[in-house]
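Peer 1: Pasting the sequence and the predicted coordinates here, then a few questions.
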Amino acid sequence: MTAMQPICPAYGTGQIVAPGAASAVAVLTKGSNQLVLTNLGAGVCHVRVGNAADAPVATTNDFPVLAGQQVTITRGQNQDALAHICAAGTSLHIMNAEGFRN
């Protein structure tokens, strides 16, 4: 059985973006292993983490963040971009975080 591991938010790194029908990119602060994603709206948002220099593009085949839900995903410490898309439009809060280690 997998244990749920808490995270330590990187306060001050949060940003709110407005995913729409076309993919857009949010630039992230580097240095943390996790991102906490909170979908503040009513539409399903899809995300893809990558490097800004590679201009990642999100599609509906990427990771879904359901309406009104919060998820934590892992990313590479040097990945500095989050592509996002939502056909119906929504608001997505993005924050860096680090998992606690035993």
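Peer 2: Right, received. Where do you want to start?
Peer 1: Helix or strand next in line after the helix or strand bottoming out on mean pLDDT in the chain, which one?
Peer 2: In the chain, the helix or strand scored least confidently by mean pLDDT, DSSP states H and E is strand 7-9, which has a mean of 88. In the C-terminal direction, the helix or strand that comes right after strand 7-9 (DSSP states H and E) is strand 15-17.
Peer 1: partners of the least confident helix or strand of the chain in the sheet?
Peer 2: Using DSSP bridges, the strands paired with strand 7-9 are strand 92-99 (antiparallel).
Peer 1: in the partner strand, what counts as buried?
Peer 2: For strand 92-99, a neighbour-count test (16 or more other C-beta atoms under 10 Å) marks 92, 94-97 as buried. The way it works is simple: take the backbone N, C-alpha and C, and place the C-beta from them, glycine included.
Peer 1: Dump it to PDB, keeping only the CA atoms.
Peer 2: Provided in PDB are the C-alpha atoms of strand 92-99 (Å, rounded to 0.1, in the frame of the first residue of the first chain):
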ATOM      1  CA  LEU A  92      -5.700  27.200 -12.200                       C
ATOM      2  CA  HIS A  93      -3.500  28.000  -9.200                       C
ATOM      3  CA  ILE A  94       0.100  26.700  -9.400                       C
ATOM      4  CA  MET A  95       2.500  26.500  -6.500                       C
ATOM      5  CA  ASN A  96       6.000  25.000  -6.100                       C
ATOM      6  CA  ALA A  97       6.300  22.500  -3.200                       C
ATOM      7  CA  GLU A  98       8.700  19.900  -1.800                       C
ATOM      8  CA  GLY A  99       7.800  16.600  -0.300                       C
END
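Peer 1: pLDDT (mean, whole number) over it?
Peer 2: Across strand 92-99, pLDDT averages out at 93.
Peer 1: what sits up against that strand?
Peer 2: Contact partners of strand 92-99, identified using C-beta atoms under 8 Å, 6 or more residues apart in numbering, comprise 5-10, 13-19, 26, 28-29, 31-41, 45, 47, 65, 72, 82, 84, 86.
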